[in-house]
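A structural model of the following input is requested.
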Amino acid sequence: MSIHKTPTFLLALSGLFLTFDGVAQQNNASSRPGLARYEEPRFRMGLHLLPSIAWLDARDGSTVSDGSIGRFGFGFTADIMFADNYAIGTGVNVFRNGGKMTSIERLTGDPLDPANDTTQFVVERERTLTQHWVELPVTFKFRTRQIGHITYWGQFGLGLGLNLRATADDLVKYRFRNDSEVFVGSEWVEDLETGEIEFKDVPVEDEVALMRAAMILGLGIEYNLSGKTALLLGATFNNGLFNVANNRNFGPTLDEEHLQSLPVSDTAVPLFPEGYDRKMVDNAILLSLGLLF
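A predicted model of the protein is given here:
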């Protein structure tokens, strides 16, 4: 009888050791950094704020980029995991970009009485442009496993934006007056009561493109707060790919609007031989601060 009982006892003892060993391995794995403490979700969503620094890159040779602007936005983010460390990143971003620029233009009408005056003037326009976009990003997102409380990520992809609104703050400086049939810049503007006029929050939707495409490149972290909730911190370079200036709403020859400027001296009034198509792309660095669930 003892010969038949011994194997049964040994099998039971062996199973007990295997059980203890499995529990020990599980506890050891959960305490090691670099491994997830819970099963990674296949779909994550979140909300974030988007403070940004934006600027314009003028590429027509006659428009000067004068600086950057700071703006705010917000967005919804969604990550669709298709492997342990890889996801498709998408969502909706509502943000503002733009920048500062200076150009030479032609206007009709005395600034004090534009409705009743047909005199043509050459002006220097200093503009702060703000564009309001709603963007659909589609990116590849690369994520590490959780290290301590932090998961690191990077992303690369494209964004397609729709222009909701565009406004400008302009400082218009009247420089030259034309009194002849063919404009050559006949005299300095010195007898106006004011040579500068400032405009605030002017709608300029007709002067900018309706759509834009951008390259998106970003880095950031997710800091685990509790369970599957994480704090999202990141920075994204949103690089416009195409011209966002709309030249179709100007004159057929552009002789009436944007002008090519020539050097100015104290004794000579410059010539402005022709107009040009304005070309500019908009860029921004968007900072992300939000929560993932």
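
just for the protein, where's the confidence low?
1-41, 178-194, 251-256, 261-273 (pLDDT under 70).

can you pull out the helices in it?
Counting by DSSP state H, one finds helices in the chain at the ranges 2-31.

show me which strand runs longest in it.
strand 150-178 (DSSP state E).

that one - contacts with which helices or strands?
If you count contacts as 3 or more C-beta pairs under 8 Å, 6 or more residues apart in numbering; DSSP states H and E, strand 150-178 packs onto strand 86-108, strand 120-143, strand 187-188, strand 196-203, strand 211-226, strand 229-240. Any C-beta I mention is one placed from the backbone N, CA and C, and that applies to glycine too.

to Thr151, which of those lies closest?
The closest of those to Thr151 is strand 211-226. By C-beta to C-beta, the value is 4.4 Å.

can you list the strands that that closest one pairs with?
Sheet pairing of strand 211-226 (DSSP bridges) gives strand 150-178 (antiparallel), strand 229-240 (antiparallel).

re earlier: of the helices and strands packed on strand 150-178, which is nearest Ser288?
Among these, the nearest to Ser288 by C-beta to C-beta is strand 229-240 (4.1 Å).

before we move on, back to that, can you tell me which of the helices and strands packed on strand 150-178 comes nearest to Tyr174?
Nearest to Tyr174, of the helices and strands packed on strand 150-178 and by C-beta to C-beta, is strand 120-143 at 5.3 Å.

what's the angle from the closest one to strand 86-108?
Between strand 120-143 and strand 86-108, the angle comes out at 180 degrees (axes from the mean of the first three to the mean of the last three C-alpha atoms, to 10 degrees).

identify each buried residue in strand 120-143, please.
Neighbour-count burial for strand 120-143 flags 120-133, 135, 137, 139, 141, 143 (criterion: 16 or more other C-beta atoms under 10 Å).

so how far is that strand from its chain's centroid?
Here strand 120-143 shows a centroid-to-chain-centroid distance of 7 Å under the convention C-alpha atoms, centre = their mean, to the nearest Å.

now swap in stretch 196-213 and tell me
From the chain centre to the centre of stretch 196-213 is a distance of 17 Å (C-alpha atoms, centre = their mean).

that stretch spans what distance, first to last residue?
End-to-end distance of stretch 196-213 (C-alpha to C-alpha, to the nearest Å): 36 Å.

tell me the buried residues in it?
Val204, Glu205, Glu207, Val208, Ala209, Arg212.
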